[in-house]
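K.L.:
I would like to see how this sequence folds:
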Amino acid sequence: MVTFENIKNNTEIQTYIIKADESLRAIGYTEHSFAHVEKVSGTAGEILRVMGYSDREVELAMIAGYMHDIGNLINRVDHSQSGALMSFRILEKMGMEPEEIATVITAIGNHDEGDGMPVNPVSAALIIADKTDVRRSRVRNTCETNFDIHDRVNYSVKESSVKIDPRVKEITLELILESRYSTVMDYFEIFLHRMIMCRKAAERLGLSFRLVINGQNIM
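P.N.:
Numbering: from 1, shown residues only. Model (predicted):
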């Protein structure tokens with residue numbers, strides 16, 4: 001059985017994460033290195049754990065979360081599909097069972113808001129975990145006067161948390177925004193499609209999705 005620890009300790013995967021993030025840095029994107037994939041991995045696993053899924057499904061969600069962005073090594077465009085193909089080769093070589101490979105690469109191939117869909121629970125958990133990773137530490141630009149809207153919105157997030165309440169079947173993204181950097185409307189300008197995708201993913205898990213910004217229920 002291929003475990004999450006096997007994935008984390010695989011030097012090939014580590015190299016692809018590093019090099020993919022270097023490519024994104026070169027074209028001005030926010031951080032997509034180990035901090036991001038480890039957070040996404042942990043959140044995806046926690047969502048399924050709280051919702052009562054099996055330990056192996058939780059682990060597959062964590063594996064998908066850790067590997068989901070390696071396709072950026074090839075190109076940002078269609079990186080989810082590239083990442084799925086790369087992951088297929090890696091996981092097959094590591095000896096993962098075909099059914100489990102199918103689950104992981106389906107999730108990776110469907111995580112982007114351009115054309116992805118929450119087609120299974122692992123996919124849904126990955127989508128929510130990825131799209132809710134909004135935080136100040138992802139901004140690479142050190143000069144505030146040169147911030148673009150993505151920098152401003154990410155930098156404005158002082159606090160971010162994802163909370164799952166299985167009793168009321170609800171998952172909530174809570175943000176504290178510092179308004180001197182961006183407004184709620186700025187957030188929606190660049191993240192509306194991501195929030196809609198989170199809502200669809202939550203529905204796939206039998207949950208409703210809420211977005212709370214500065215204590216106000218936004219959606």
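
K.L.:
ok, R49 touching V58?
P.N.:
Yes - at 4.9 Å, R49 counts as touching V58 under the criterion of Cβ atoms under 8 Å. Where you see a C-beta, it was placed from the backbone N, CA and C, and this is true even at glycine.

K.L.:
who's more crowded, those two?
P.N.:
A direct count of neighbours by other Cβ atoms under 10 Å for R49 and V58 places V58 higher, at 22 against 18.

K.L.:
so what pLDDT did the spatially most central residue of the chain get?
P.N.:
By Cα atoms, centre = their mean, the chain has its centre lying nearest to D130, at 1.3 Å. For D130, the model assigns a pLDDT of 97.

K.L.:
and for it, nearest residue in space, chain neighbours not counted?
P.N.:
V40 (5.1 Å; Cβ to Cβ, 6 or more residues apart in numbering).

K.L.:
by mean pLDDT, which helix or strand of this structure comes out lowest?
P.N.:
Taking mean pLDDT, DSSP states H and E as the measure, the chain has helix 149-156 as its least confident helix or strand, at a mean of 91.

K.L.:
buried stuff in the helix ranked longest in the chain?
P.N.:
Counting by DSSP state H, the longest helix found in the chain is helix 184-204. For helix 184-204, the neighbour count (16 or more other Cβ atoms under 10 Å) marks 184, 186-188, 190-191, 194-195, 197-202, 204 as buried.

K.L.:
with just CA atoms, put it into CSV.
P.N.:
The C-alpha trace of helix 184-204 is given here as CSV (Å, rounded to 0.1, in the frame of the first residue of the first chain):
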residue,chain,number,x,y,z
VAL,A,184,-14.9,42.2,-0.1
MET,A,185,-15.7,43.2,-3.7
ASP,A,186,-12.0,42.7,-4.6
TYR,A,187,-12.2,39.2,-3.1
PHE,A,188,-15.2,38.3,-5.2
GLU,A,189,-13.7,39.8,-8.3
ILE,A,190,-10.9,37.2,-8.4
PHE,A,191,-12.4,34.4,-6.3
LEU,A,192,-16.1,34.2,-7.2
HIS,A,193,-15.6,31.2,-9.5
ARG,A,194,-13.6,29.4,-6.7
MET,A,195,-16.3,30.0,-4.2
ILE,A,196,-19.0,28.7,-6.5
MET,A,197,-16.8,25.6,-7.1
CYS,A,198,-16.5,25.2,-3.3
ARG,A,199,-20.3,25.3,-3.0
LYS,A,200,-20.6,22.5,-5.6
ALA,A,201,-17.9,20.5,-3.9
ALA,A,202,-19.6,20.9,-0.5
GLU,A,203,-22.9,19.7,-2.0
ARG,A,204,-21.1,16.6,-3.4
